[in-house]
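Enquirer: Starting from these lines, generate the structure:
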Amino acid sequence: MTLLLIGLALFFGAHLVPSTPLRAVLIGALGEKGYKGLFTLASIGGLVIAVIGYRQVPVEYLFAPKPWAYPAALHTMPIVFILLASASSPTHIRQWVRHPMALGVLLWSLLHYFANGEKAAVWFFGSFAIYAAFSIVSSSLRGQTLVKPGQVVAWKHDVIAVVAGLVLYGVVLVAHGWLFNRVLVSL
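Expert: Prediction:
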C-alpha cells in the first residue's frame, strides 16, 4: 500500500504545483522547458509507481462492487478516451465540453471505483475522482477556457480525436489484464 500512496502523492503533488507559487520558482530555476520536463517526469513516474503499488496491494474489499458499474465502465470508456484525446487539440468537443480531460478522468475513476470496491481501488480511483472534480470546479471558477479566442477549430481534429480515442480504448481493453491484473476481454 505504501508504494501506491507514494505514487499518488507524487502524481497529485506535481499536478498541484501549477496552482502554487512554487511553479514560478521552478520556472525561474529550470526555465519553462525544464519545468515542463520535471512536471512530465513527476507525473509519469508517480502514475507508474501508483499502478505498480496498486498491483501489489492484496485484495481486501471495503464494499461489494456494484453490479451496474462493470458494464457501465465497459461501455463508457470509449467516450472517456475520446474526451481525453480531444483535450489537447482545438476540437469542437473541447468547445462543447469545457473540461474534457477532467470530465474523462472523473467518469473513468468513478466507474472503476464502483466496479472494484477493494481497498487499493478506493484509494486509487477515489483520489483521481476527487482531483478531477476539484479541477473542474476550480478551473470553472477561474473562468478558464480551453479554446482561445481566434483559435481555428476544425472538424478534422474531432475525427482524429475520435479515431485516436477508439484505437486507444481497444488497446487498453485488450491489454487490461496485463496492465492491471484484470482481464476484460480475451482474443
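
Enquirer: how about the lengthiest helix in the chain: buried residues?
Expert: In terms of residue count, the longest helix belonging to the chain (DSSP state H) is helix 22-56. Buried residues in helix 22-56, counted by 16 or more other Cβ atoms under 10 Å: 26, 35, 39, 42, 43, 46, 49, 50, 51, 53, 54. Using the backbone N, CA and C atoms, a C-beta is placed for each residue, glycine as well.

Enquirer: Identify, from these, the entry nearest to residue 112.
Expert: Top of the list for closeness to residue 112, among these and by Cβ to Cβ, is residue 54 at 10.9 Å.

Enquirer: State the distance from the closest one to residue 179.
Expert: 10 Å (Cβ to Cβ, to the nearest Å).

Enquirer: can you check residue 154 too?
Expert: For residue 154, the distance to residue 179 - Cβ to Cβ - is 33 Å.

Enquirer: Tell me where the model's unsure across this protein.
Expert: 143-150, 181-187 (pLDDT under 70).

Enquirer: again, 90 this time
Expert: When residues are selected by pLDDT under 90, those of the chain lie in 18-20, 55, 87-92, 94-98, 135-154, 173-187.

Enquirer: one step back: for the longest helix of the chain, packing partners?
Expert: Secondary-structure packing of helix 22-56 (3 or more Cβ pairs under 8 Å, 6 or more residues apart in numbering; DSSP states H and E): helix 2-16, helix 119-141, helix 155-180.

Enquirer: CA atoms only for the shortest one, dumped as CSV, please.
Expert: Okay, so that is helix 2-16. Once side chains and other backbone atoms are set aside, the C-alpha atoms of helix 2-16 remain, and they are given as CSV (Å, rounded to 0.1, in the frame of the first residue of the first chain):
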residue,chain,number,x,y,z
THR,A,2,2.9,2.3,0.7
LEU,A,3,4.1,2.3,-2.9
LEU,A,4,0.5,3.1,-4.1
LEU,A,5,0.3,6.1,-1.8
ILE,A,6,3.8,7.4,-2.7
GLY,A,7,2.9,7.2,-6.4
LEU,A,8,-0.4,9.0,-5.8
ALA,A,9,1.4,11.7,-3.7
LEU,A,10,4.0,12.2,-6.4
PHE,A,11,1.4,12.4,-9.2
PHE,A,12,-1.0,14.7,-7.5
GLY,A,13,1.8,16.8,-5.9
ALA,A,14,3.1,17.5,-9.4
HIS,A,15,-0.4,18.5,-10.5
LEU,A,16,-1.0,20.8,-7.6
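
Enquirer: What's the end-to-end length of stretch 45-65?
Expert: Across its full length, stretch 45-65 reaches 29 Å between end residues, using Cα to Cα, to the nearest Å.
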